[in-house]
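>>> Attaching a predicted model along with its sequence, questions to come.
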Amino acid sequence: MRQQAVLSRLVGVLLALWTMSCEEIIAPRAPEASPRAVFEHLWNDVNKRYSFFDEKQIDWEAVRQQYSPLIHENMAPDALFDVLGDMLGELEDGHVNLLSTFNRSRNWSWFEGFPLFYDQQLIDDVYLGTTFRIIGPLHAQTVDNMLYVNYRTFERTITAQHMDEIVRLMQFHEGLIIDVRSNGGGNLQNALNIASRLIQEEVTYARQRFKTGPGRADFTPWADMRIFPHSGEKYLGKVAVLTNRRSFSTTTFFAQMMRTLPQARLFGDQTGGGGGIPVFAELPNGWTYRFSGSQTIDMEGTQLEFGVSVDQVLDNPMSIVEGKDRVIEEALEWLKSSN
Amino acid sequence: MKRWLFLLSFVLVQVAVFAQDKQRTLFWNAGTHNTWERDFAYSPLLYQGASFGFTLGYASVGEKKTDEVYLHFSRIPMQNAFEASMIGTHAQVMTYTFYKAAWLPEKFTLGWSNNNALSLRNFQDAQNFNPRFDFHTSFGPAARYQTFFGKAEQWRFSSQAHWQVIGFLFSASYVTSPPDPFLHEQSTFNAFWQSIRLFQPFQQQDLGILNQLFYQLPNGNEIGVGYRFNYTNLENAQRSQRSIGHYFFQLNFQL
């Protein structure tokens, strides 16, 4: 009887010892982080999940053949970074980056080489002056009885109170100019917060789909993207929206929202694109990267990735001699003429 | 109305009889959660960390059958080897049912278990589609060894384990946080239904071990310490794995 009790306790103690720290024992080993392993991981993940291969006619397998021979087991981290960054650059996508602690790769071909038609100094000196209102992230000033609103980045939050103030100010103005030139994007909700004050009824402005698998055609069905009208005060008059090639990502979405509104007109140059929502991921060596994982099209089926065109293209818009911003001037003229 | 009153009376009587036959215990434990987690949709790297977690539970012990329910919760900051951060939030409802069988040694019971677990993973460096998540409900066999010792048998040690390979899974999509069916227009019910994936052999599993040592106080309540281990491997649009080691102090209150 005593022997059985001792045996029983022994079994218990053994069971307890056997199962302590199991989570440590079964923890998987770190993945291989050699240059070759990192290269393969990056190429494969992009191959499976990037959303614009067909639209951009990119032969990703050929890209692999081009860059793979450049990978050597003893290459320095910065050399590996350069090769991987250049490989990602082949996608010509502003939403594709490689990020390390020492650099961030990018492809800025969507605005490099194009005139931006935007001079902040000129706008500060001539249009905003020193008496402009600061309404959250928005700088607003009266220009020829119109309200000129300058918005630098959609990363800064626009609240209902900010838009209440814009709508209130529109009681004393004859038209609204929203300047999002060189606005690199940010949170889509901020774009919706503005647009929802400019419509009376629900508006479908684009369609979107997401990657669902490794195949080139593996996408969700297209889903409508909508703007819902704000329940409170709104401004339903004329709106001029100013864009350029550096208006990217959420700013492209905002331009598309405005394009669908009959009372809005776009001035300047087409936006830089950025119609794919960036997906973030991490490599075995700790570097992170992002890439487009979705597609967005306008109501005619044109990819927003390649930018939203404007209603009034201004080929030679900046005149330093006159000390005027021609894009703003054209917008003012249109607003005056339509009143 | 009479029918409902009769039914209610019947149920109350049954509960009273049931309660007389069973020893019911409410318990609470707290302690450190040592965990690692890996979500291949974001990274092949392991995120590890430790934090405080707690469990609420209820046990009903009868002559032939024991039922246990555990509600586990923890929120754990984790880091990978390169010091990138992720906050893991885990909530879990785990049940065990054990039966005594004549052919088994006295200290052993066999039964089954059910796990309903949610894991949220908020990666610091991922600006979109955060958090990634998975929820799974799984079922499988469970076994328990329990022994009493000490002069008055006031010490109790139990060790129990489960292995679940049947179940279903609801998790983040190939690239986004919501499952794919939620990304286009349809009813929430349809989207939810289409998002469910059944466990496939050797692709999804949930297993765990629970060791506990208790000392019974004169009033019948117990204090004790324990260790709970859980491992989950899930595969839907992407693969995710996690493991938790929970070292805890526990109080058992007899009802």
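Alright, I've got the coordinates. Residues are numbered from 1 along each chain as shown, chains lettered A, B, ... in the order given.

>>> which bits of the stretch 151-300 of chain A sit near chain B?
For the stretch 151-300 of chain A, the residues in contact with chain B (C-beta under 8 Å from any C-beta of the partner chain) are A:209-213, A:218, A:220-224, A:277-286, A:288, A:293-294. No exception for glycine: its C-beta is placed from N, CA and C like everyone else's.

>>> ranges for the helices of the chain?
With no chain named, the answer covers chain A. Taking DSSP state H as the criterion, chain A contains helices spanning A:2-19, A:22-25, A:35-49, A:53-56, A:60-67, A:77-89, A:120-122, A:160-169, A:188-195, A:250-259, A:326-337.

>>> Actually, chain B is the one I wanted.
Per DSSP H, chain B carries helices over the ranges B:2-21, B:188-195.

>>> can you pull the pLDDT of residue 4?
I went with chain A, as the question did not name one. pLDDT, the model's per-residue confidence, is 68 for residue A:4.

>>> Wait, chain B was what I had in mind.
The confidence metric pLDDT takes the value 57 at residue B:4.

>>> residues contacting the residue of chain B found nearest chain A?
At 3.0 Å from chain A, residue B:82 is the closest residue in chain B, using C-beta to the nearest C-beta. Remark: with contacts taken as C-beta atoms under 8 Å, 6 or more residues apart in numbering or on different chains, residue B:82 is in contact with A:285-286, B:45.

>>> Using a markdown table, please lay out these together with pLDDT.
What follows is the contacts of residue B:82, written out as a markdown table (pLDDT from 0 to 100):
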| residue | pLDDT |
| --- | --- |
| A:285 | 96 |
| A:286 | 96 |
| B:45 | 97 |
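
>>> Restricted to strands, list the residues you listed.
Assigned to strands by DSSP state E, none of those qualify.

>>> Please, a ChimeraX command that selects the buried ones among these?
Per 16 or more other C-beta atoms under 10 Å in any protein chain shown, the buried members of these correspond to this ChimeraX selection:
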select /A:285,286 /B:45
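
>>> which of the contacts of residue B:82 lies closest to residue B:38?
For the contacts of residue B:82, the closest approach to residue B:38 (C-beta to C-beta) belongs to residue B:45, at 7.2 Å.

>>> just to revisit the earlier point, quick one: which of the helices of chain A is nearest residue B:34?
Put simply, out of the helices of chain A the one that sits nearest residue B:34 is helix A:22-25, at 5.9 Å, with distance taken as C-beta to C-beta.

>>> Which positions within the closest one qualify as buried?
Along helix A:22-25, these residues count as buried under the neighbour rule (16+ other C-beta under 10 Å): A:22-23.

>>> Off-centre distance for it?
If you compare the mean C-alpha spot of helix A:22-25 with that of the full chain, they lie 41 Å apart, counting by C-alpha atoms, centre = their mean, to the nearest Å.

>>> near chain B at all, it?
Yes: against chain B, helix A:22-25 shows contacts by C-beta under 8 Å from any C-beta at A:22-24.

>>> tell me what that helix is packed against?
Packing partners of helix A:22-25 (3 or more C-beta pairs under 8 Å, 6 or more residues apart in numbering or on different chains; DSSP states H and E): strand B:23-39, strand B:222-235, strand B:239-254.

>>> With mean neighbour count and distance to chain A as added columns, please give these in JSON lines.
Written out in JSON lines, the entries for those read as follows (neighbours: other C-beta atoms under 10 Å in any protein chain shown; distance: least, C-beta to the nearest C-beta, whole Å):
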{"stretch": "strand B:23-39", "mean neighbour count": "19", "distance to chain A": "5"}
{"stretch": "strand B:222-235", "mean neighbour count": "20", "distance to chain A": "4"}
{"stretch": "strand B:239-254", "mean neighbour count": "19", "distance to chain A": "4"}
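
>>> now the ones you listed in TSV, with mean pLDDT?
Formatted as TSV, the helices and strands packed on helix A:22-25 follow (pLDDT from 0 to 100):
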stretch	mean pLDDT
strand B:23-39	94
strand B:222-235	94
strand B:239-254	94
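
>>> remind me which residues of the chain are low pLDDT?
Answering for chain A, as no chain was given. Across chain A, the ranges flagged by pLDDT under 70 are A:1-19, A:315-321, A:339.

>>> should've been chain B
Screening chain B residue by residue with the criterion pLDDT under 70, one finds the ranges B:1-20.

>>> what do you get if the cut-off is 50, keeping everything else the same?
In the predicted model of chain B, residues B:10-18 satisfy pLDDT under 50.

>>> If we go by neighbour counts, what in stretch A:221-234 is buried?
By neighbour count on 16+ other C-beta under 10 Å, the buried set for stretch A:221-234 is A:222-223, A:225, A:227, A:229-230, A:234.

>>> give me the residue from chain A nearest chain B.
For chain A, the nearest residue to chain B under the criterion C-beta to the nearest C-beta is residue A:286, separated by 3.0 Å.

>>> Spatially nearest residue to that residue, not counting backbone neighbours?
residue B:82 (3.0 Å; C-beta to C-beta, 6 or more residues apart in numbering or on different chains).

>>> residues in contact with residue 72?
Let's take chain A. With the criterion set at C-beta under 8 Å, 6+ apart, residue A:72 makes contact with residue A:35.

>>> wait, chain B
Residue B:72 makes contact with B:53-55, B:90-94, B:228, B:246, according to C-beta under 8 Å, 6+ apart.

>>> Nice, that's everything, thank you.
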